[in-house]
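1. next comes the sequence, and after it the predicted model I'd like to discuss.
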Amino acid sequence: MRESKRNQGVHMSGSYRVGIIGCGGMGGSHARHWTQKPQTDVVAVADVSERSARKLADEFDAKPYTDYAGMLKEEACDIVSITTWQNVRAEVTVKAAESGAKGILGEKPMASSLREADLMLASCAQHGVKLAIGHQRRFTPQNMEARRLVTDGAIGAPTAMLRRDAHGLLNRGTHELDEMMYVLGDPAPVWVIGQVTRKTDRWERRVRCEDRCAAIIAFEGGIRGTYESDLPDPGLQGDVIYGTEGILKRGPEGGLLLLNRRAGDWQSITPPPVEVDQYDEFIYWLDGSGEGHRNDGETARLTMELMMAIYESARIRDVVELPLQTGDNPLDLMVEEGALPVEIHGRYDIRAPFPEQTN
């Protein structure tokens, strides 16, 4: 058992009481980060698995629950970390907002549909609760320096950015698209065209997942974002930003490589260290000592909207102009409408195996 802050004499009367809902890997990560902050104390954890709840509770000297509603009612949490699967995240967020919590830090993706994301935002707005979603790549030294270089004009006006990944749009693509927007300076997206395939019965934490995905996103100013996931080789070098006067890309060991008209060759740039993470910024936001949170709910909703727009483009076989009007998950709609028939039968979950996968 880890010695708690209360036993260490660190727990102050003015510190924030933190509850964790979802005691898997990310629940443990949130608990560790909150425990490292002098302003926060993890007091309770909840999970449908009693074993998982007790294990995390023992590690952080917290009270375990198998009923998250009971935890919210009894513990008077100031901060709630919601690290459940995305298919129940909206329901849990609404309950946490109604409980009197001051702030909620959820995991990515924000939800499993745009309608759910809007429900989360509406509930938090109604109850005066601050909501942020854990797109933590906005806090990496590499991405923060890349954003600074782009916004300072190191490559002129940005024209295109490429991102490539695997393991599903809602799973990993949410990071890639959010990272794309952040590095480009958060330009407003204008339209999306996308394509998906789903010949296998693929799921990701009990939410349907496509087999392959590709998209082009048009941002204000004519910037194009190209995203692809799970496509066959040869692979795209998905770490490049092009501009009217240069190119910026990832370098070795967390560095950056810059080529522009001011130098005759590639420049190697070492990003400065980052002093604030998403948990620090969340605390400052609650304190009123910060201007906001770079992962706030509205920003996360935009990432959610882009992912749903990619699915919707595949569904209607046309460009989708934003804002997106479809609230349901268009991938679910395509499957239920028979537009994506399974050719290789046998359901499987790439993150949380179904019972039949373990037999």
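-> Right, received. Where do you want to start?
2. list the helices and strands the host helix or strand of residue 228 packs on?
-> Residue 228 is part of strand 224-229, with elements assigned from DSSP states H and E. Counting contacts by 3 or more Cβ pairs under 8 Å, 6 or more residues apart in numbering; DSSP states H and E, strand 224-229 packs against strand 158-165, helix 174-183, strand 212-219. No exception for glycine: its C-beta is placed from N, CA and C like everyone else's.
3. switch the cut-off to 10 Å
-> strand 158-165, helix 174-183, strand 189-197, strand 212-219, strand 240-243, helix 297-316 (3 or more Cβ pairs under 10 Å, 6 or more residues apart in numbering; DSSP states H and E).
4. listing partners with orientation, what would you give for the third one?
-> Spelled out, that is strand 189-197. strand 212-219 (antiparallel), strand 320-321 (antiparallel) (DSSP bridges).
5. give me the average confidence score over stretch 52-64.
-> Stretch 52-64 shows an average pLDDT of 98 in the prediction.
6. tell me what the helix or strand where residue 123 lies is packed against?
-> Assigned by DSSP H and E, residue 123 belongs to helix 114-127. Applying 3+ Cβ pairs under 10 Å, 6+ apart, one finds that helix 114-127 makes contact with helix 89-98, strand 103-106, strand 130-133, helix 297-316.
7. at 7 Å instead, please
-> Under the contact definition 3 or more Cβ pairs under 7 Å, 6 or more residues apart in numbering; DSSP states H and E, helix 114-127 sits against helix 89-98, strand 130-133, helix 297-316.
8. which one of those lies nearest to residue 41?
-> Checking those against residue 41 by Cβ to Cβ gives helix 89-98 as the closest, at 17.4 Å.
9. in the closest one, which residues are buried?
-> 89, 90, 92, 93, 94, 95, 96, 97 (16 or more other Cβ atoms under 10 Å).
10. so which of the helices and strands packed on helix 114-127 comes closest to residue 276?
-> That would be, of those and by Cβ to Cβ, strand 130-133, which comes in at 13.3 Å.
11. tell me the mean pLDDT over stretch 149-169?
-> Mean predicted lDDT for stretch 149-169 stands at 97.
12. same question for stretch 33-48.
-> 97.
13. report the buried residues of that stretch.
-> Neighbour-count burial for stretch 33-48 [16+ other Cβ under 10 Å]: 33-35, 37, 39-47.
14. the residue nearest to the spatial centre of the chain and residue 117, how far apart?
-> By Cα atoms, centre = their mean, the chain has its centre lying nearest to residue 108, at 3.1 Å. Computed as Cβ to Cβ, to the nearest Å, the residue 108 to residue 117 distance reads 11 Å.
15. can you tell me the SS state at residue 268?
-> strand (DSSP: H, G, I helix; E, B strand; the rest coil).
16. same thing with residue 342?
-> Quick answer, by three-state DSSP: residue 342 is coil.
17. the residue lying farthest from the centre of the chain sits in which helix or strand?
-> Distance from the C-alpha centroid of the chain, by Cα atoms, centre = their mean, peaks at residue 264 (37.9 Å). Using DSSP H and E, residue 264 maps to neither a helix nor a strand.
18. for residue 19, find the nearest of the helices and strands packed on strand 224-229.
-> helix 297-316 (18.5 Å).
19. which parts of that closest one are buried?
-> So, applying 16+ other Cβ under 10 Å, buried residues of helix 297-316: 297, 299-315.
20. which helices and strands does it pack with?
-> helix 114-127, strand 130-133, helix 174-183, strand 189-197, strand 212-219, strand 320-321, helix 330-336.
21. in a markdown table, list these along with distance to residue 85.
-> Formatted as a markdown table, the helices and strands packed on helix 297-316 follow (distance: least, Cβ to Cβ, whole Å):
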| stretch | distance to residue 85 |
| --- | --- |
| helix 114-127 | 12 |
| strand 130-133 | 14 |
| helix 174-183 | 14 |
| strand 189-197 | 21 |
| strand 212-219 | 20 |
| strand 320-321 | 26 |
| helix 330-336 | 15 |
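22. closest one to residue 55 among the ones you listed?
-> Per Cβ to Cβ, nearest to residue 55 of these: strand 130-133, 25.4 Å.
23. now do that closest one, average pLDDT.
-> pLDDT averaged over strand 130-133 gives 98.
24. packing partners of it?
-> Packed against strand 130-133 by the contact rule (3+ Cβ pairs under 7 Å, 6+ apart) you find strand 103-106, helix 114-127, helix 278-287, helix 297-316.
25. give me the contact list for that strand.
-> 102-106, 108, 110, 120-121, 124, 282, 285-286, 293, 295-297, 300 (Cβ atoms under 7 Å, 6 or more residues apart in numbering).
26. and stretch 46-64, by the same measure?
-> In contact with stretch 46-64 (Cβ under 7 Å, 6+ apart) are residues 1-2, 4, 20-24, 27-28, 31, 35, 42-45, 65-68, 71.
27. mind doing that once more with 6 Å?
-> 1-2, 4, 21, 23, 28, 31, 42-45, 65-66, 68, 71 (Cβ atoms under 6 Å, 6 or more residues apart in numbering).
28. show me what counts as buried in that stretch.
-> Buried residues in stretch 46-64 (16+ other Cβ under 10 Å): 46, 47, 52, 53, 54, 56, 57, 59, 60, 61, 62, 64.
29. and residue 170, how far from residue 132?
-> In terms of Cβ to Cβ, residue 170 sits 18 Å off from residue 132.
30. so those two - more neighbours on which side?
-> residue 170 (25 against 22; other Cβ atoms under 10 Å).
31. so that one touches residue 109, yeah?
-> Yes - taking Cβ atoms under 6 Å as the definition, residue 170 is a contact partner of residue 109 at 4.7 Å.
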